[in-house]
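Novice: Could you work out the structure for the sequence below:
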Amino acid sequence: MTGWLLRRVGQAALVVVAMTLIVFVGLHAIGNPADILLGEDMNQQERLAAIARLGLDQPLWRQYLSFVEGAFSGNLGRSFVYQEDAVRLILQRLPATLELAVAALLIAIVVGVPLGLFAGMKPDHWLSRGVMAASIVGFSLPAFWVALMLIMVFSVQLGWLPASGRGPTVTWLGVAWSWLTLEGLQHLVLPAFNLALFKVSLVMRLTRAGVREVLPQDFVKFARAKGLSPARVLLVHVLRNTLIPLVTVLGLELGSTIAYAVVTETIFAWPGAGKLILDSINSLDRPVVVAYLMVVVVLFVTINLVVDLLYRLLDPRVRLGAAA
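Specialist: Here you go, the predicted model:
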């Protein structure tokens, strides 16, 4: 177990280093931040002084080495635009994104797993066929269009839910959360549902496929032959084995939801890290972009590690293979 954990940590470190190098080269190829950040009314001397102050007068390899040196001390740079520590700026916005991503994933699990179980147990039922057809629609609809339709129907026409913003927050464990208030939950519903639509379709289809694969297995037939109730067979034997691939996919989807919530946050004016990174890309705020991607990579690596641990708990074959 210790050797496996050390290998994973080493792989994670390589991923983070490779990511920073790719991002630095990519941002350098896109353009010079000085062309956007510095005003045209500055004379040449003032312009050169500002470029030197930002550290953009150094060659790219020296800028990268300076970043690596600062990263070891916990300093990932200072935002060109906001003039704040890049990590602190991201961590101020990240709870809102985490709140939105976790809410979307919970909706996907609560809605997708039961519907997928039903569709897998009774594939010829008319409701199962309707669920599978609806999942294709969920895959096909663009997120920005769904978001606009949700705002049009539930905010403009019906007036049930707010169209933008995060609402009032309550501080818990030193972090501001909106789901702890009723008005905050109302602000959370539409963006979370919009972000969860694709995930619901994915979870439904994965659960159905898993159920169809597990049902013909001998251990399920043996459980039925023992006289176990259908509910126990479904929940203990079928569902547990269906969750093995589902846990892996849900872990990856949580990471991708955090990383790619930009569209939803922009349309619903949700003050999360996704909107921050979009603004930073537009202004070529290099420290914020690199720091954000490093935070996302660390989240991905952590989530994958937790998923692997859960996989070992759910599937005894993994533990036996590791022991062998």
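Novice: and the gap between Val262 and Arg166?
Specialist: 16 Å (Cβ to Cβ, to the nearest Å). In this view, the C-beta of every residue, glycine as well, is placed from N, C-alpha and C.
Novice: So between those two, which is more surrounded?
Specialist: Between Val262 and Arg166, counting by other Cβ atoms under 10 Å, Arg166 is the more crowded of the two (23 against 18).
Novice: Surely the more buried one and Gly184 touch.
Specialist: Yes: assessed by Cβ atoms under 8 Å, Arg166 is found in contact with Gly184 at 6.9 Å.
Novice: Need the residues touching each of these two.
Specialist: The contact sets of Arg166 and Gly184 overlap at Ser178 (Cβ atoms under 8 Å, 6 or more residues apart in numbering).
Novice: Hmm, Ala269 is touching Gly165, no?
Specialist: Yes: with contact defined as Cβ under 8 Å, Ala269 and Gly165 form a contacting pair (5.7 Å).
Novice: Tell me where the stretch 151-300 of the chain has helices.
Specialist: Along the stretch 151-300 of the chain, counting by DSSP state H, counting those that start in this stretch, helices occupy 182-214, 218-225, 230-232, 239-259, 262-267, 273-282, 286-314.
Novice: Show me the shaky parts of the stretch 1-150 of the chain.
Specialist: Per-residue confidence for the stretch 1-150 of the chain (pLDDT under 70) gives these ranges: 1, 4-5, 27-48, 50-51, 53-57.
Novice: returning to what we had before: now the helices of the stretch 151-300 of the chain as TSV including mean pLDDT?
Specialist: Output for these, formatted as TSV (pLDDT from 0 to 100):
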stretch	mean pLDDT
helix 182-214	86
helix 218-225	78
helix 230-232	77
helix 239-259	77
helix 262-267	84
helix 273-282	79
helix 286-314	76
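Novice: And the ones you listed: which comes nearest Ile22?
Specialist: helix 286-314 (9.1 Å; Cβ to Cβ).
Novice: Quick one: distance of the closest one to the chain centre.
Specialist: Centroid displacement of helix 286-314 relative to its chain, using Cα atoms, centre = their mean, to the nearest Å, is 10 Å.
Novice: Could you measure from the residue lying closest to Val301 once chain neighbours are set aside over to Met294?
Specialist: Of all residues not flanking Val301 in the chain, Ala12 sits nearest, at 4.1 Å (Cβ to Cβ, 6 or more residues apart in numbering). Relative to Met294, Ala12 is positioned 12 Å away (Cβ to Cβ).
Novice: More neighbours: which of these two?
Specialist: It is Met294, of Ala12 and Met294, that has more neighbours when counted by other Cβ under 10 Å, with 20 against 17.
Novice: Surely the more buried one touches Thr20?
Specialist: Yes: using Cβ under 8 Å, Met294 makes contact with Thr20 at a distance of 6.6 Å.
Novice: which residues does the residue nearest to Val301 contact?
Specialist: 298, 301, 305.
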